[in-house]
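J.: fold the following.
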Amino acid sequence: MNQYFLLIACLQLWSLITPVNPASTWGPLIFIFAVSATKEAWDDYNRYLSDKKANEKEVWIVRQGTKNLIQAQDIRVGNLVWLRENDEVPCDLVLLGAADPQGICYVETAALDGETDLKTRLIPPACVGIDFELLHKIKARAHAHAHISTIASCNETKLGMSRGIPEPKLTAVDAMIDKLTGAIFVFQIVVVIVLGIAGNVWKDTEARKLWYVRYPKEGPWYELLVIPLRFELLCSIMIPISIKVSLDLVKSLYAKFIDWDDQMVDLETGIRSHAANTAISEDLGQVEYILTDKTGTLTENKMIFKRCFVSGTFYGNDNGDALTDAELLRAVSSGSTDVIRFLKVMAICNTVIPVQSKNGSISYKAQSQDEEALVRAAARLHMVFVNKNGNFVDIKFNASPIQYEVLDILEFTSDRKRMSIVVKDSQSGKIILLSKGADEAILPHAYTGQQVRTYAEAVEQYAQLGLRTLCLAWRELEDEEYQEWAVMFKEANSSLVDREWRVAEVCQRLEHDFEILGVAAIEDRLQDGVPETIETLRKAGLNFWMLTGDKQNTAIQIALSCNFVSPEPKGQLLMINGKTEDEVCRNLERVLLTMRITSSEPKDVAFVIDGWALEIALKHYRKAFTELAILSRTAICCRVTPSQKAQLVELLKSCDYRTLAIGDGGNDVRMIQQADIGVGISGREGLQAARAADYSIGRVSGTSLFNSVSLMAYNVFYTSVPVLVSVLDKDLSETTVMQHPQILFYCQAGRLLNPSTFAGWFGRSLFHAIVVFLITIHSYAFEKSEMEEVSMVALSGCIWLQAFVVALETNSFTILQHIAIWGNLVGFYVINWIVSALPSSGMYTIMFRLCRQPSYWITMILIVAGGMGPVLALKYFRYTYRSSKINILQQAERLGGPILSLGNIEPQSRSLEKDLSPLSISLPKNRNPVYEPLLSDSPNSTRRSGVPFDFFQSQSRLSSSYSRNCKDN
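T.: Okay, here's the model as predicted:
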């Protein structure tokens, strides 16, 4: 669009063809470029400030035995970095030394993946022989620290390389406006060609005969182009030059509304919402797919111990909190053997590190939120994990100290699904195996004769409540048995071939004949209002995909809790797993077949896929997986990498869906950048995501009918001010929209801006142009009026019609809108009175003379009546006899009566245009001609198909009333 206006402005510099002063185009063009450049510069400046804040964080490095404070951006590969407790890691590092005697360091990766769990880092074996004399000198001055060498910095870090290069985002409105502008340009070229040919013919046949025209008998070689180019300049006003600046300013205002929204503030941290990208605000209302991270986005990543089942007794079922259950508290105080052993496993079987502060209080640092929740709960029940010194752990039960020696730790793996620890009681000398894990990993290994059915029923009951469950067990070991096993375990750990498999096999030799102690139930708290929000958005037709790096079972539980998918029998989860191409192909075919069968049923169906199977599906069965994506409203993708998240977003975008991605960690950055709209959650965890996100909206002679000043003012001011203030307009109140979220289908279905609605508005504008032209010509052209008088009458008619059109299309008036609409009309006369008072303006006394003539005001009345009469009649007919659902709700709001129910509405159905893979089936291609009436609020508006959109009609998601083109993948 800018290139077009620049071309027109350059053509106006050619005095032979320009009918107006070049300032009429150059002035607005420079103004528009200045406004656009200022807006983009402001966005870039804000991003620069955000980057500057991160790059200038101070970091300690060690040089020649002394500590120096430098900025993070100045770190280079090979620098020795000195980190204190709770310092942010500035780049990729390798651990060389730590304050812990065993060389262990614990890191939190919340800024990367949203996980607040602590990860263990050890000094690499290759660094063991390094002379740490220099490090020890510094170590004496710090309580908790680590010495680390830089291996990568800046964009060469893993995070920097995984971030990717963000592509510029084009909104649906911008894309549609570009297409419509192109259509206007084509129409303009046709008009110019027709009038140019007619003008040249007239020039060669008639004009040369007229002495006053003074056409030379022979002209230059480009003479044939002069008249068409003059018409091109005269018709250039068909594309309003103010549209660019109006859209940019409106989008900026929408973005500011997001920044100013007091209801979008995190009350805990005080952080407000922020629109980092001010150019895509309008796409928020056209989103069809929301792709979201799980941990830290849907959930708070705060685990809370809620209930437990010990020796046949449920605790916490009455009040929902086992820690305040009177029966459990009595069992603890009375020293119940089963309960005490249960609490000991909770307190000891973990990798938690207790940290004692100066005032004596104890805090815990854990690799797993589950472990921290269990340890905290045990402490609340008087089994306090006090200290860990090397291989010895100290606990206190009712203030009585108990010490255990940790002999071996059998770490948790996704295959074994359990974690065990071998300890030795320092008082009795007994060797005990403590275990905790998933029910399928613990219950089958109970000793012969123990009844596990009650424990399995407890697990099922807690799972129905959306709680995470862990089964706890223990077994006393004979000394000889342990010694024999310990030798095998040490050999397996030192094996260089198939070490993980060997370790798992050895662990299996010990983890059997468990005595099941009980079941612990933990709640992963959802963010406030998540289930209600998702339910409302699903009613509005939005589809949800969960993309998480977490394990499958956890993701499914959270999805059920969040209303992603309904539990059986209303909902159904279809699994796609497999490690080979054949397995994935069979599962994909089975799920596709089920989707096609159940698509016509009112059943909530979702598919679940893990990262391994997803990699195979995207690589070898991409078209089949694309079909599955189109058929599915909900998907749960587990164990996915950051690049896979971005690929899934790109897959949906290739099918012409508007996508919104939301996350809180660095592993969500590529997904956020790839989506049409990226939302980053800032606060405790999501710094990387928030920084990368969009949000933390004539005559042959070439004489112009209008003078240059009028053209400039019309393009820049008269047509832009009412449009800018329309940003305050509301079709419906927030309360009504929340009560009937399905009304948002109008936005998704493209009824507000599409070729058919554009055709309706174009027809209306053409009708108004004819009305203004005919009434003006018949009123003044035959009265020997000056050209300037005729042009001012026509321009006045345009301004009057514009004011009434904007007023008619406004749904909710505010004082600012009245000022903009009617003030703009008054301003038109004030400006032209001032210009008419200037002798050199070319309009001297014109406006004064016109305003004194009754015929001028009668002409304005005729133009308004002739232009608005048919429009009002048609609008009244539509509102009265063919009301859309928006019209119904608007009338209910204005009358103050009850708002009618719109019923349950299924999302728009989708069908495929072609076979997507050998697995897919052919579907009928029904394409009806697109027709849109003159008014854009027609109830029969269509999206890309011609079937009327009926809110009360339940539609199948696979009916052919809605067609969508999937681009080749």
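J.: for residue 364, helix, strand, or coil?
T.: strand (DSSP: H, G, I helix; E, B strand; the rest coil).
J.: which ones are touching it?
T.: By C-beta atoms under 8 Å, 6 or more residues apart in numbering, residue 364 lies in contact with 352, 353, 354, 355, 372, 375, 376, 385. Heads up, the C-betas are built off the backbone N, CA and C, glycines and all.
J.: ok, so of those residues, who is nearest residue 183?
T.: residue 372 (61.2 Å; C-beta to C-beta).
J.: need the three-state assignment for the closest one.
T.: Per three-state DSSP, residue 372 ends up helix.
J.: run through the stretch 651-800 of the chain and note the low-pLDDT ranges.
T.: 666, 682-688, 697-720, 746-752, 781-786 (pLDDT under 70).
J.: close enough to count as contact, residue 50 and residue 696?
T.: No: assessed by C-beta atoms under 8 Å, residue 50 is found out of contact with residue 696, at 9.1 Å.
J.: what touches both of the two?
T.: residue 276.
J.: of the two, who's got more company?
T.: Between residue 50 and residue 696, counted using other C-beta atoms under 10 Å, the more crowded position is residue 696 (22 against 17).
J.: count of neighbours near residue 787?
T.: 14.
J.: and for residue 515?
T.: Quick note: residue 515 (other C-beta under 10 Å) scores 14 neighbours.
J.: contacts only, for it.
T.: Counting by C-beta under 8 Å, 6+ apart, residue 515 has contacts 446, 447, 450, 473, 474, 475.
J.: check residue 184 too.
T.: Neighbour list for residue 184: 238, 239 [criterion: C-beta under 8 Å, 6+ apart].
J.: swap in the one 5 residues further on?
T.: By C-beta under 8 Å, 6+ apart, residue 189 lies in contact with nothing.
J.: and if you look at residue 434?
T.: 344, 345, 348, 349, 420, 421, 422, 423, 472, 473, 474.
J.: now, those that are in strands?
T.: Taking DSSP state E, the ones among the contacts of residue 434 that sit in strands are 420, 421, 422, 423, 472, 473, 474.
J.: who wins for most neighbours among the residues you listed?
T.: residue 473 (29 neighbours).
J.: so how far is residue 777 from that residue?
T.: 96 Å (C-beta to C-beta, to the nearest Å).
J.: tell me which two in the ones in strands among the contacts of residue 434 are the farthest apart.
T.: So, the ones in strands among the contacts of residue 434 by C-beta to C-beta: farthest apart are 422 and 472, at 15.5 Å.
J.: got the phi and psi for residue 271?
T.: Main-chain dihedrals, residue 271, degrees, to the nearest 10: phi -80, psi 130.
J.: phi, psi for the nearest residue in space to residue 730 that is not next to it in sequence please.
T.: Using C-beta to C-beta, 6 or more residues apart in numbering and skipping residues adjacent in sequence, the residue nearest residue 730 is residue 812, 4.6 Å away. Phi and psi for residue 812, reported as degrees, to the nearest 10, are phi -130, psi 110.
J.: if I pick residue 812, what's in contact with it?
T.: Residues counted as contacts of residue 812 (C-beta under 8 Å, 6+ apart) are 728, 729, 730.
J.: which one of those sits closest to residue 486?
T.: The nearest one, if we look at these relative to residue 486 and count by C-beta to C-beta, is residue 730, at 72.3 Å.
J.: hmm, that closest one is touching residue 811, no?
T.: Yes: between residue 730 and residue 811 there is a contact at 6.2 Å, judged by C-beta under 8 Å.
J.: ok, residue 73 to residue 62 distance?
T.: 18 Å.
J.: repeat that for residue 71.
T.: 16 Å.
J.: cool, residue 352 as well?
T.: To residue 62, residue 352 is 31 Å away according to C-beta to C-beta.
J.: neighbours around residue 235, how many?
T.: 19.
J.: residues in contact with it?
T.: 188, 191, 192.
J.: go on, residue 461?
T.: Contacts of residue 461 (C-beta under 8 Å, 6+ apart): none.
J.: quick one: the helices in the stretch 101-250 of the chain?
T.: 110-113, 133-139, 158-163, 172-205, 223-235, 242-260 (DSSP state H, counting those that start in this stretch).
J.: how far is the fourth one from where the chain is centred?
T.: From the chain centre to the centre of helix 172-205 is a distance of 39 Å (C-alpha atoms, centre = their mean, to the nearest Å).
J.: now the last one
T.: In this view, helix 242-260 has its centroid 19 Å away from the chain centroid, taken as C-alpha atoms, centre = their mean.
J.: what residues sit buried inside that helix?
T.: Using 16 or more other C-beta atoms under 10 Å as the test for burial, helix 242-260 gives 242-255, 257-258.
J.: same list (the contacts of residue 364) but as a markdown table, adding distance to residue 337, secondary structure and pLDDT.
T.: Converted to a markdown table, the contacts of residue 364 look like this (distance: C-beta to C-beta, whole Å; DSSP: H, G, I helix; E, B strand; the rest coil; pLDDT from 0 to 100):
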| residue | distance to residue 337 | secondary structure | pLDDT |
| --- | --- | --- | --- |
| 352 | 24 | coil | 87 |
| 353 | 29 | strand | 85 |
| 354 | 25 | strand | 88 |
| 355 | 31 | strand | 84 |
| 372 | 26 | helix | 89 |
| 375 | 21 | helix | 94 |
| 376 | 23 | helix | 93 |
| 385 | 20 | strand | 94 |
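J.: list buried residues within these.
T.: The neighbour-count test (16+ other C-beta under 10 Å) marks 352, 353, 354, 372, 375, 376, 385 as buried among the contacts of residue 364.
J.: pick the one among these closest to residue 526.
T.: Relative to residue 526, the closest of these is residue 372; by C-beta to C-beta it sits at 18.4 Å.
J.: the closest one against residue 302, yeah?
T.: No: Residue 372 sits out of contact with residue 302 when judged by C-beta under 8 Å, with a separation of 9.5 Å.
J.: sorry, back to before: for the buried ones among the contacts of residue 364, which one is nearest residue 22?
T.: residue 372 (71.7 Å).
J.: what's the closest one in contact with, if anything?
T.: 303, 352, 364, 366.
J.: let's see it at 6 Å
T.: Taking C-beta atoms under 6 Å, 6 or more residues apart in numbering, we find residue 372 in contact with 364, 366.
J.: I'd like to know how far it sits from residue 308.
T.: Residue 372 is 16 Å from residue 308, by C-beta to C-beta.
J.: re the thing from before, any idea how far the residue nearest to residue 730 lies from residue 281?
T.: Distance, residue 812 to residue 281, using C-beta to C-beta: 19 Å.
J.: same check on residue 511?
T.: From residue 511 to residue 281 the distance is 56 Å (C-beta to C-beta).
J.: compare those two (neighbour count), which wins?
T.: residue 281 (25 against 21).
J.: pretty sure the more buried one contacts residue 253?
T.: No: between residue 281 and residue 253 there is no contact under C-beta atoms under 6 Å: 8.5 Å.
J.: quick revisit: quick one: which two of the contacts of residue 434 are the most distant?
T.: Top of the distance list for the contacts of residue 434 (C-beta to C-beta): 422 and 472, 15.5 Å.
J.: no further questions, thank you.
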